[in-house]
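Undergrad: Next input, structure requested:
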Amino acid sequence: MSGLRTISLFVILLCTPMMMAQEEFTDIRKGNKQYKSEKYTEAEISYRKGLQKNSQSPEAAYNLGNSLFRQEKYAEALEQYQKVLPDEKISKKKLASALHNTGNALLMQQRIPESIEAFKKSLKINPEDDETRYNLALAQYLLRNQDSRNQQDQQQQEQQQPENQENKREKDDSQQQQEEQPTESIPKDKAEQLLEALMQDEDETMEKAKKLPKSSKRTVEKNW
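TA: Alright, predicted model coming up:
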């Protein structure tokens with residue numbers, strides 16, 4: 001979803017060496033350089049090395065989530081973001097960023113109601129964040145669009161019911177034969193066509209979402 005806003009990497013400050021072991025810091029710093037060079041797979045490896053040396057490192061977990069997000073591994077990214085949320089040592093600003101990215105990962109998995117809650121929690125901590133406010137508006141727009149489609153489908157089904165009841169007696173024999181036949185799965189080519197149609201519909205939705213009030217465009221995640 002190109003409408004989502006940017007995130008920024010966890011900045012590891014040289015003035016706070018007590019926050020992590022030197023070797024852990026080296027891995028994270030290396031990962032940050034790789035991430036900024038758009039070498040997301042290499043960055044993932046570096047962050048995982050950092051986590052191996054300190055499994056409790058919120059910096060390594062969070063930045064690993066970002067590198068996974070960039071590789072479209074949204075479920076894995078969400079898992080890393082959620083490791084950060086219970087950490088009481090991180091600042092409110094970083095907590096807001098973690099919730100922001102949690103919302104992004106949920107939204108990319110079409111878990112729209114959950115993403116809305118994550119964005120709201122982020123805004124409670126940092127109400128001045130325009131990026132989170134935009135993503136919340138986008139998620140709410142997508143949810144309304146989804147609800148509208150579901151309502152239209154339900155109405156169409158209700159309209160078809162009387163007609164189906166009238167023709168029920170005439171179709172009993174053929175229906176019985178069909179019920180006795182084994183259920184067939186959707187052919188692969190048909191499934192691909194359906195997926196393509198759904199993606200096209202999502203693209204049209206995103207084009208509409210772009211017309212929502214927003215500030216300057218950025219990329220996908222919010223980093224520390």
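
Undergrad: check contacts around Gly31.
TA: By C-beta atoms under 8 Å, 6 or more residues apart in numbering, the contact set of Gly31 is 42-47, 50, 60, 63-64, 67. Any C-beta I mention is one placed from the backbone N, CA and C, and that applies to glycine too.

Undergrad: Of these, which is the nearest to Asp87?
TA: Ala60 (11.9 Å; C-beta to C-beta).

Undergrad: before we move on, back to that, kindly reformat the contacts of Gly31 as a markdown table containing secondary structure, neighbour count and pLDDT.
TA: Formatted as a markdown table, the contacts of Gly31 follow (DSSP: H, G, I helix; E, B strand; the rest coil; neighbours: other C-beta atoms under 10 Å; pLDDT from 0 to 100):
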| residue | secondary structure | neighbour count | pLDDT |
| --- | --- | --- | --- |
| Glu42 | helix | 16 | 98 |
| Ala43 | helix | 27 | 97 |
| Glu44 | helix | 23 | 98 |
| Ile45 | helix | 17 | 98 |
| Ser46 | helix | 24 | 98 |
| Tyr47 | helix | 30 | 97 |
| Gly50 | helix | 28 | 96 |
| Ala60 | helix | 30 | 95 |
| Asn63 | helix | 27 | 96 |
| Leu64 | helix | 28 | 97 |
| Ser67 | helix | 28 | 97 |
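
Undergrad: which of those residues lies closest to Asp129?
TA: Asn63 (19.4 Å).

Undergrad: What residues does the closest one make contact with?
TA: 9-10, 28, 31-32, 35, 43, 47, 223-224.

Undergrad: looking at this structure, which helix or strand is least sure?
TA: Here the helix or strand of the chain ranked lowest by mean pLDDT, DSSP states H and E is helix 168-180, holding a mean of 48.

Undergrad: Break this protein down into its domains, please.
TA: According to automatic domain parsing, the chain comprises the domains 21-83, 91-149+205-212.

Undergrad: between those domains, which gets nearest to Leu4?
TA: domain 91-149+205-212 (5.5 Å).

Undergrad: All the helices of this structure, in order from the start?
TA: All helices of the chain, identified by DSSP state H, fall at 22-36, 40-53, 58-70, 74-84, 92-108, 112-125, 130-166, 168-180, 188-209.

Undergrad: hey, least reliable of those by pLDDT?
TA: Ranked by mean pLDDT, the helices of the chain bottom out at helix 168-180, with a mean of 48.

Undergrad: now the domains of the chain in TSV, with distance to Leu4?
TA: Converted to TSV, those look like this (distance: least, C-beta to C-beta, whole Å):
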stretch	distance to Leu4
domain 21-83	10
domain 91-149+205-212	5
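
Undergrad: and the closest residue to Asn104 other than its chain neighbours, how many neighbours?
TA: Distances taken as C-beta to C-beta, 6 or more residues apart in numbering put Leu4 closest to Asn104, at 5.5 Å, once the chain neighbours are dropped. For Leu4, the count of nearby residues is 24 (other C-beta atoms under 10 Å).

Undergrad: surely Leu4 meets Ala105?
TA: No. At 10.1 Å, Leu4 does not count as touching Ala105 under the criterion of C-beta atoms under 8 Å.
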